[in-house]
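**Q** make a model of this:
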Amino acid sequence: MNAIAHVPTVRVSREIAAPAAELFDAWLDPVKLTRWMRPFDTIRSDVKLDPRVGGEYEIVMHTPKGSVPHTGSYQEITRPRRISFTWNSPFAGDHGSLVTVDFNARGKRTEIVITHERLPSEEMVQAHSGGWTGILDRIDEAYAESRATG
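**A** Numbers count the residues shown, from 1 in each chain. All right, here's what the predicted structure looks like:
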């Protein structure tokens, strides 16, 4: 008999009206990340990146309740299809949960699929599901604004 342990995982997706290469590059641009890496009541985020396999990042989300640091390292960067990185935070733990962002080209649009694995609990699955959904909302808003003004 084979036993398979349940590993708490989040998967969210959204189709954005922008090319895959443009969205992929935005995930590795600290200036662009600060615009939308702000889930829930995050006021602003400070972002430092070394966007290469093995390179590290730090994202500090500033909320009304205080600052929340997020750190990790890039595991895979395959332009323009996939970025994978470990994710450590007070809420996800420091055991290196894994985030994979897939960029699926759909003509002039792109489906972004975020999969966050190895979360510490089902409660954190729900919290991170809301967080990643909020980030996808902000990405969609940012690209809608650029289309409107562009």
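**Q** all strands for the protein, in order.
**A** Remark: strands assigned in the chain by DSSP state E are 10-16, 44-49, 56-63, 66-78, 82-89, 93-106, 109-117.
**Q** other SSEs contacting the last one?
**A** The criterion is 3 or more CB pairs under 8 Å, 6 or more residues apart in numbering; DSSP states H and E, and the helices and strands that strand 109-117 contacts are strand 10-16, helix 20-27, strand 93-106, helix 122-149. Heads up, the C-betas are built off the backbone N, CA and C, glycines and all.
**Q** on that earlier part again, can you redo the strands of the chain as JSON lines with mean neighbour count?
**A** Shown next, in JSON lines, are the strands of the chain (neighbours: other CB atoms under 10 Å):
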{"stretch": "strand 10-16", "mean neighbour count": "17"}
{"stretch": "strand 44-49", "mean neighbour count": "16"}
{"stretch": "strand 56-63", "mean neighbour count": "17"}
{"stretch": "strand 66-78", "mean neighbour count": "15"}
{"stretch": "strand 82-89", "mean neighbour count": "20"}
{"stretch": "strand 93-106", "mean neighbour count": "17"}
{"stretch": "strand 109-117", "mean neighbour count": "19"}
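**Q** how about these in TSV, adding mean pLDDT and distance to residue 25?
**A** Output for these, formatted as TSV (pLDDT from 0 to 100; distance: least, CB to CB, whole Å):
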stretch	mean pLDDT	distance to residue 25
strand 10-16	97	13
strand 44-49	97	12
strand 56-63	98	15
strand 66-78	97	11
strand 82-89	97	10
strand 93-106	92	10
strand 109-117	97	12
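**Q** export these to a markdown table and tack on distance to residue 130?
**A** Shown next, in a markdown table, are these (distance: least, CB to CB, whole Å):
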| stretch | distance to residue 130 |
| --- | --- |
| strand 10-16 | 9 |
| strand 44-49 | 16 |
| strand 56-63 | 14 |
| strand 66-78 | 14 |
| strand 82-89 | 14 |
| strand 93-106 | 15 |
| strand 109-117 | 12 |
